[in-house]
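**Student:** Okay, predicted coordinates and the sequence, questions at the end:
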Amino acid sequence: MAKITLDNLAHSYLPNPTSEEDFALKELNHDWVDGEAYALLGASGCGKSTLLNIISGLLHPSQGRILFDDEDVTEAPTAERNIAQVFQFPVVYDTMTVRDNLAFPLRNRGADAGYVAQRVQQIAKMIGMEEQLNRKARGLTADAKQKISLGRGMVREDVNALLFDEPLTVIDPHMKWELRTQLKSLHNEFGHTMIYVTHDQTEALTFADKVVVMYDGRVVQIGTPQELFERPAHTFVGYFIGSPGMNLFEAQVAGQTAEIAGASVPLGAGYAPVGGKVQVGVRPEFVRLSDSGIPARVTRVEDVGRHKVIRLDVAGQKVSAIAEEGAPIPDGASHITFDAAGINVYSDDWRVSAKEEAIT
Ligand code: ADP
Ligand code: MG
């Protein structure tokens, strides 16, 4: 297990990149703490696999260094990095049995036969393939082959880190949950540094201690699920995480007040003058129906089990609010207000901190 440091790292697939747009991975400095479980979350094409492949050594970065426990491994080949990586699609030896596939990474490192047999049995149980150990991989379903790939990724206990690149894509929904739980218990048991790539926020939030959110080649926030919910550092995080995502309002902000759709809204904190494109972000959980505040019209109410999603129109913009399942929608509700604790202010999509002397 190791701490992984990314120092001034960036990558372009072009031979002579000139502008920032040419970089699939924009400059990045980060320490992945030894033994933590991370999710790397972002939309397709934002650079997740690029980053993972640089860490494992499949890809050489065009700029910067990678260090494992402070030792520079930038030039070290994949094998020397001692990392297990599982990909989106199965990588198995068709002519080998399930048992031999699982045993391969251990035998390759010269583990003794007794240990291999015992460990393979343990892993087969985790992936639910004890009954198929003697079958050839050829002829198994894609689903089963991917489980073997996962098993091979998990079989070694002495790796520096475990990297998973959307490993459950071809797995059926029920088994997905099961395998994710297994991965998490594996992490709790062995404490490996784990990086789990996904574009699914539920997967990210349930798996990880820390979620690394990427957008357009850039890491925009690293935080606990709670931090991403309460204080999205970038409007993308607000929009991408949460269901529905954060509402964003064009605003003018002065001191402790924002002007939104012609109404004055108390921010609950003071701000230095905010420049650029100014927006106020409020998650649906912090929007309340009211008879005063910002004029709004209820367009639809959706019952989604434990709560209601109220769809509103605010000066032609679609806005969502979340209310308790049993809460009545007041007849005279013609406005919305915000819980001060749920308000964030953005300048050119990045969150602005309130002044220290803020009244909360
Ligand atoms: P993700 O895994 O988040 O879907 P990738 O890291 O695969 O994203 O890709 C990031 C960007 O780099 C995308 O725009 C993609 O088209 C581009 N890209 C990925 N691999 C290559 C490659 N081998 N050659 C050129 N461009 C690539
Ligand atoms: Mg990818």
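**Tutor:** Perfect, I can see it now. Note that the coordinates shown come from a computational prediction; the quantities given were computed from them, not determined experimentally. Numbers count the residues shown, from 1 in each chain. Ligands and ions are numbered 1, 2, ... in the order given.
**Student:** got the contact list for the residue nearest to the spatial centre of the chain?
**Tutor:** Among the residues of the chain, the smallest C-alpha distance to the mean C-alpha position (Cα atoms, centre = their mean) belongs to residue 41, namely 2.7 Å. When the contact criterion is Cβ atoms under 8 Å, 6 or more residues apart in numbering, the partners of residue 41 are 48, 198-201, 204, 211-214, 240-241. The C-beta positions use only the backbone N, C-alpha and C, and glycine is treated the same way.
**Student:** pLDDT weak spots in the protein?
**Tutor:** When the per-residue scores of the chain are filtered using pLDDT under 70, the ranges that remain are 332, 356-360.
**Student:** hey, where'd the helices end up in it?
**Tutor:** Read by DSSP state H, the chain holds these helices, from start to end of the chain: 48-56, 78-81, 98-108, 113-126, 142-154, 173-190, 201-207, 225-230, 235-240.
**Student:** Export those as a markdown table, with columns for distance to ligand 1.
**Tutor:** Formatted as a markdown table, the entries for the helices of the chain read as follows, by distance: least, Cβ to the nearest ligand atom, whole Å:
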| stretch | distance to ligand 1 |
| --- | --- |
| helix 48-56 | 3 |
| helix 78-81 | 16 |
| helix 98-108 | 24 |
| helix 113-126 | 26 |
| helix 142-154 | 17 |
| helix 173-190 | 19 |
| helix 201-207 | 13 |
| helix 225-230 | 18 |
| helix 235-240 | 13 |
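**Student:** Relative to residue 63, which of the ones you listed is closest?
**Tutor:** The stretch from those with the least distance to residue 63 (Cβ to Cβ) is helix 48-56; that distance is 10.5 Å.
**Student:** Using CSV, write out every CA atom in the closest one.
**Tutor:** Only the C-alpha atoms of helix 48-56 are listed here, as CSV (Å, rounded to 0.1, in the frame of the first residue of the first chain):
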residue,chain,number,x,y,z
LYS,A,48,-11.0,9.6,-15.7
SER,A,49,-9.4,6.7,-17.6
THR,A,50,-6.5,9.0,-18.7
LEU,A,51,-5.7,9.8,-15.1
LEU,A,52,-6.0,6.1,-14.0
ASN,A,53,-3.8,4.9,-16.8
ILE,A,54,-1.1,7.4,-15.8
ILE,A,55,-1.2,6.2,-12.2
SER,A,56,-0.8,2.5,-13.3
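**Student:** how about the nearest residue to residue 227 once chain neighbours are set aside, what does it touch?
**Tutor:** Excluding its sequence neighbours, the residue lying closest to residue 227 (Cβ to Cβ, 6 or more residues apart in numbering) is residue 221, at 7.7 Å. Under the criterion of Cβ under 8 Å, 6+ apart, the contact list for residue 221 reads 212-213, 227-228, 232-234, 237.
**Student:** go with 6 Å
**Tutor:** Contacts for residue 221 were tallied using Cβ atoms under 6 Å, 6 or more residues apart in numbering; they are 213, 233, 237.
**Student:** Which parts of stretch 150-168 count as buried, going by neighbours?
**Tutor:** Of the residues in stretch 150-168, those buried by neighbour count under the rule 16 or more other Cβ atoms under 10 Å are 150-156, 159-168.
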